[in-house]
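Visitor: The sequence isn't on hand, but the structure is:
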């Protein structure tokens, strides 16, 4: 998954139509598969394309209130390359492995 302040890109098994409204629970995956509390955000699908045996979808976050915007910023700071490295969930290939 690729996350920014404005949205994210994720891999799915099934396609999603552009314009679909979704609720997302963002969670950090730490060592030993420990998960953070979920950060729920509203978003809208802006694109979907076939990749390998599945689909890749891009979603744009809807307007975030100040608290959620601050939490997303904190989430992104943790994901920054200067912070601790996170593992992909079991069975999931890192995106860099798929796109070289």
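Guide: Yes, it's here. It should be emphasised that the depicted structure is a prediction, and the values quoted were computed from it without experimental measurement.

Visitor: Please enumerate the strands of the protein.
Guide: 2-3, 7-12, 21-26, 39-51, 54-61 (DSSP state E).

Visitor: what's the most buried one of those strands?
Guide: strand 54-61 (a mean of 18; mean count of other C-beta atoms under 10 Å). Any C-beta I mention is one placed from the backbone N, CA and C, and that applies to glycine too.

Visitor: Mind giving me the packing neighbours of the longest helix along the chain?
Guide: The longest helix of the chain (DSSP state H) is helix 66-79. Where contact means 3 or more C-beta pairs under 8 Å, 6 or more residues apart in numbering; DSSP states H and E, helix 66-79 is packed against strand 2-3, strand 39-51.

Visitor: Check the offset of the shortest one from the chain's centre.
Guide: If I follow you right, that is strand 2-3. 5 Å (C-alpha atoms, centre = their mean, to the nearest Å).

Visitor: Name every strand pairing with it and say which way it goes.
Guide: strand 7-12 (antiparallel) (DSSP bridges).

Visitor: the inter-axis angle of the partner strand versus helix 66-79?
Guide: Relative orientation of strand 7-12 versus helix 66-79 (axes from the mean of the first three to the mean of the last three C-alpha atoms, to 10 degrees): 60 degrees.

Visitor: follow-up on the earlier one: for residue 62, which of the helices and strands packed on helix 66-79 is the nearest?
Guide: strand 39-51 (4.2 Å; C-beta to C-beta).

Visitor: report the angle between the axes of the closest one and strand 54-61?
Guide: 140 degrees.

Visitor: can you give me the mean pLDDT across stretch 37-48?
Guide: On average, the pLDDT along stretch 37-48 is 92.
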